[in-house]
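Enquirer: sequence isn't available, so here's the structure alone:
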C-alpha cells in the first residue's frame, strides 16, 4: 500500500568528528522517503528552491518516490548547517535559512488523498493539520514534532495530537512534551493527549514503543563507527511506516517488526554522511541486518 | 553450584529525589550476595565493623549466604553517603570513610577455595588478585572495577584483567578503561586486555554483552518510578553469576539468560531504597519479570 510523507526537503552542510559534507540533500521528508522506498512506493509533499539539484530529484524518482506533491519554486531551498560533538548525541545548529520553505502550504495532489498511510514529518503543527484536512480516510497517521513547536505552538500541537494515532519523537521531545523525565511516565502522559501509540527514539540507545499496557524496546544496532547521525530518526520513521504500508499489518506483531525495520534503516543511515549510505543500500542488506537484530536481542526462557 | 563473592559491605546513607535512607546496609558484596542468593548458596568475603547490625548479618545468613569469610572487627564499618540528582544517572559522593575496610586483606576459608564461581566486586585490584591466588580451579571468574583503580592502579588492574574471563563494568568505566567513546570499540579494546567477555552496564539503558564476535543487548526494565539506583549494577552482577552458578550453563544461551536475570534483579533493586525491595522479593516475582522481559523485547522474522 502507498504512503504519503509531508515534511522538509533541504540542502544540508554537516560537520561531524569524522569529517564534513557540503550542500548535500537532506530534510526529514527526504530521509523518510528514501528509507520507506525500500518497502513501498512513497508520495512526497514538500517544497524546494530552484537550486535543489535536479539529479537528486531524479534519484528520488528512480526509487519510486512520487514527486507530484513537491513544488519547485524560484529561490533557494531550505538550508541547514549543523555540527556534531564528540558525543554525537549533542549537536549545534550553525545556520538555518527557511528560504522557499517559508511559503510552504502543503497541497496534496488528488491522487494522494486516498492514500492509507500518512506521515507528518516535523513541520509546524498547523501545516500538519492542513495535510490531515486533505486526506480522506487514512488507515494510519504517524507524526513527528520538535522542541520549537512544543514551546511556541502548543495549542496547535495539542489539537493535532488528538488526530494522530502514532507519535514518533525523541526522548528529549517526549520529556518536554510531557513534563516528565521518566520515560514510562512521559509515554503515559503523551498517550493521554490523544495518540494510541508513541515511539520514543533514543539515538544510540535504540527505541521504545508504548501502546496501552504494551511496552516494546529495541536497541540501536551497535556500530563501531557512527559517521553522521543526521536523519537517523527520520530514517527510523521511514522504515517503520514503509514496512507497515508494505505489509498492511498493523497488528502488535507487525508493529514490532516495523520498529525493527526502522532501527535497521536508522543504523545504515548513520554509517555515512547524509543520504550516502542509503544510496548504495540493498534490500538484501536490510534483511541481513534484521536477522542480526534477532541475534542481538534474543534469549529464551529457562 | 556455589559462588564466592568478595567486596565491600557498608553502611550507606542515601538521598534521592524520592527521599532519604539513613544508615542502611549496603556495599557491592551485599547487593551481589542478596541478589545471587535467589539462585544459589553464596559464600561472602568481606569485613565489617562492630557497628554493623547483627540482624542484617542474620538476614544474610537466612538467605543461605555463608558468612564464614566475613570478618567482624572492632571499629566502624565502611560508610558511604551519596546523593542522586533528578537525572539519576548522576550522583555525588557526600562522604566516604573506609574505617575497618582499610585493613581488609581477604583470606578465604578453606571451604571457599574450591568453589567454581567467583566474583570479585569492586575493590583494589591487588586485593582482587589476592583472592584469585587463593582459589584453586574456578570455572568462571567475574570482576568489576571502578574509575579510581583505572586512574590510580592501572598496572595492577592490567595484570588482573589478564586473569579475569568476565569483566562487568558500567559504560563510563568501559570508556575510561579503553580510551574509546564508542561502546563497540571500547569492548573490543577491553577484550584485547584479557577478558573473554565483557558486560557493560548502562543504567536505564540496559546492558550490552560482548564476547568474540557476539553482541547481546538487553534493555533495562521500564519502571515508572526509580527510587534509588544504588546497588543496581551489583544486583545485576549477582543475578548473572547466581544464575550461572545455579544452572552451571555457561553456553552462549545460558549467558544470555543469566544477563536477563541480572537485569531482572537490578530492576527490582531500584524500586526501593537500598536492599529493601530485595528483602521482600520472591522467586515467583523474578520469574514473572523474566517473562515480562520476553514480551518487552521479542519480535519475529517476517
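Expert: Everything's here; your move. None of these values were measured; they are calculated from a predicted model.
Enquirer: give me the number of residues near the residue lying closest to residue A:217 once chain neighbours are set aside?
Expert: Spatially, and ignoring its direct neighbours in sequence, residue A:217 is nearest to residue B:219 (3.9 Å; C-beta to C-beta, 6 or more residues apart in numbering or on different chains). Heads up, the C-betas are built off the backbone N, CA and C, glycines and all. The number of residues packed near residue B:219 is 24, by other C-beta atoms under 10 Å in any protein chain shown.
Enquirer: kindly report the same for the one 5 residues further on.
Expert: Residue B:224 has 12 neighbouring residues, counting by other C-beta under 10 Å.
Enquirer: thought it was touching residue A:185?
Expert: Yes. Using C-beta atoms under 8 Å, residue B:224 is in contact with residue A:185, at 5.6 Å.
Enquirer: which residues of chain A fall in helices?
Expert: A:28-36, A:54-62, A:125-134, A:147-152, A:154-161, A:171-178, A:183-192, A:232-247, A:252-269, A:276-279, A:283-297 (DSSP state H).
Enquirer: what's the angle between the first one and helix A:283-297?
Expert: Per axes from the mean of the first three to the mean of the last three C-alpha atoms, to 10 degrees, the angle that helix A:28-36 makes with helix A:283-297 is 90 degrees.
Enquirer: again, but for the longest one
Expert: Taking the same axes, to 10 degrees, helix A:252-269 and helix A:283-297 form an angle of 110 degrees between their directions.
Enquirer: buried ones in helix A:252-269, by neighbour count?
Expert: A:254-269 (16 or more other C-beta atoms under 10 Å in any protein chain shown).
Enquirer: and for residue A:254, nearest residue in space, chain neighbours not counted?
Expert: residue A:247 (5.8 Å).
Enquirer: count the neighbours of the one you found for me.
Expert: 17.
Enquirer: next, the buried residues of the lowest-mean-pLDDT helix or strand in chain A.
Expert: Least confident helix or strand of chain A, by mean pLDDT, DSSP states H and E, is strand A:91-97 with a mean of 93. Judged by neighbour count (16+ other C-beta under 10 Å), strand A:91-97 contains these buried residues: residue A:91.
Enquirer: for it, packing partners?
Expert: Here strand A:91-97 is seen to pack against strand A:78-84 when contacts are counted using 3 or more C-beta pairs under 8 Å, 6 or more residues apart in numbering or on different chains; DSSP states H and E.
Enquirer: just checking, what packs against the strand it packs on?
Expert: strand A:10-16, strand A:91-97.
Enquirer: what does that strand rub up against?
Expert: Contacts with strand A:78-84, where a contact means C-beta atoms under 8 Å, 6 or more residues apart in numbering or on different chains, come from A:8-17, A:26-27, A:48-49, A:90-101, A:228-230.
Enquirer: before we move on, what about stretch A:109-116?
Expert: Counting by C-beta under 8 Å, 6+ apart, A:1-4, A:43, A:45, A:66, A:68-69, A:134-140, A:245, A:248 sit against stretch A:109-116.
Enquirer: what mean pLDDT does that stretch get?
Expert: Stretch A:109-116 carries an average pLDDT of 96.
Enquirer: touching, residue A:117 and residue A:140? I think so.
Expert: Yes. The pair residue A:117 / residue A:140 is scored as a contact, 5.4 Å apart, by C-beta under 8 Å.
Enquirer: between these two, which contacts overlap?
Expert: Here residue A:117 and residue A:140 have A:241, A:244 as joint contacts, going by C-beta under 8 Å, 6+ apart.
Enquirer: more neighbours: these two, which one.
Expert: residue A:117 (26 against 21).
Enquirer: show me which residues of the stretch 201-302 of chain A sit near chain B.
Expert: A:202, A:204-206, A:208, A:214-219, A:222-226, A:247, A:253, A:256-257, A:259-260, A:290-291, A:294-302 (C-beta under 8 Å from any C-beta of the partner chain).
Enquirer: and those, which are buried?
Expert: Neighbour counting by 16+ other C-beta under 10 Å classes A:202, A:204-206, A:208, A:215-219, A:222-223, A:226, A:247, A:256-257, A:259-260, A:290, A:296-297, A:299 among those as buried.
Enquirer: just give me the residue closest to the centre of chain A.
Expert: residue A:234 (2.3 Å; C-alpha atoms, centre = their mean).
Enquirer: how near is the closest residue to that one other than its chain neighbours to chain B?
Expert: In space, and not counting its chain neighbours, residue A:234 is closest to residue A:31: 3.6 Å by C-beta to C-beta, 6+ apart. From residue A:31 over to chain B the distance is 22 Å, taken as C-beta to the nearest C-beta, to the nearest Å.
Enquirer: report pLDDT for residue A:31.
Expert: Listed pLDDT for residue A:31 reads 98.
Enquirer: for chain B, what's its nearest residue on the stretch 1-150 of chain A.
Expert: In the stretch 1-150 of chain A, no residue comes nearer to chain B than residue A:86, which is 6.4 Å away by C-beta to the nearest C-beta.
Enquirer: contacting residues for that residue?
Expert: Residues in contact with residue A:86 (C-beta under 8 Å, 6+ apart) are A:17, B:181.
Enquirer: residue A:104 touches residue A:127, doesn't it?
Expert: Yes. Under the criterion of C-beta under 8 Å, residue A:104 makes contact with residue A:127 at 6.6 Å.
Enquirer: tell me which of those two has more neighbours.
Expert: residue A:104 (22 against 17).
Enquirer: list the residues that contact the more buried one.
Expert: Neighbouring residues of residue A:104 by C-beta under 8 Å, 6+ apart: A:46-47, A:123, A:127.
Enquirer: who wins on neighbours among the residues you listed?
Expert: residue A:46 (28 neighbours).
Enquirer: what about the nearest residue to it once chain neighbours are set aside, neighbour count?
Expert: Distance criterion C-beta to C-beta, 6+ apart; nearest residue to residue A:46, sequence neighbours excluded, is residue A:9 at 4.2 Å. Counted with other C-beta under 10 Å, residues neighbouring residue A:9 total 31.
Enquirer: show the model's pLDDT score for residue A:9.
Expert: Note for residue A:9: predicted pLDDT of 98.
Enquirer: residue A:48 is in contact with that one, correct?
Expert: Yes. Residue A:9 is within contact range of residue A:48, at 5.1 Å (criterion: C-beta under 8 Å).
Enquirer: any residues in contact with both of these two?
Expert: Between them, residue A:9 and residue A:48 share the contacting residues A:70, A:77-78, judged by C-beta under 8 Å, 6+ apart.
Enquirer: picking that back up, please produce a markdown table containing the contacts of residue A:104, extended by distance to residue A:22.
Expert: A markdown table is the format used below for the contacts of residue A:104 (distance: C-beta to C-beta, whole Å):
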| residue | distance to residue A:22 |
| --- | --- |
| A:46 | 21 |
| A:47 | 22 |
| A:123 | 25 |
| A:127 | 28 |
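Enquirer: number of residues surrounding residue A:251?
Expert: Neighbour tally, residue A:251, other C-beta under 10 Å: 10.
Enquirer: what about it, distance to chain B?
Expert: Taken as C-beta to the nearest C-beta, the span from residue A:251 to chain B is 11 Å.
Enquirer: ok, that residue to residue A:258 distance?
Expert: With distances taken as C-beta to C-beta, to the nearest Å, residue A:251 is found 10 Å from residue A:258.
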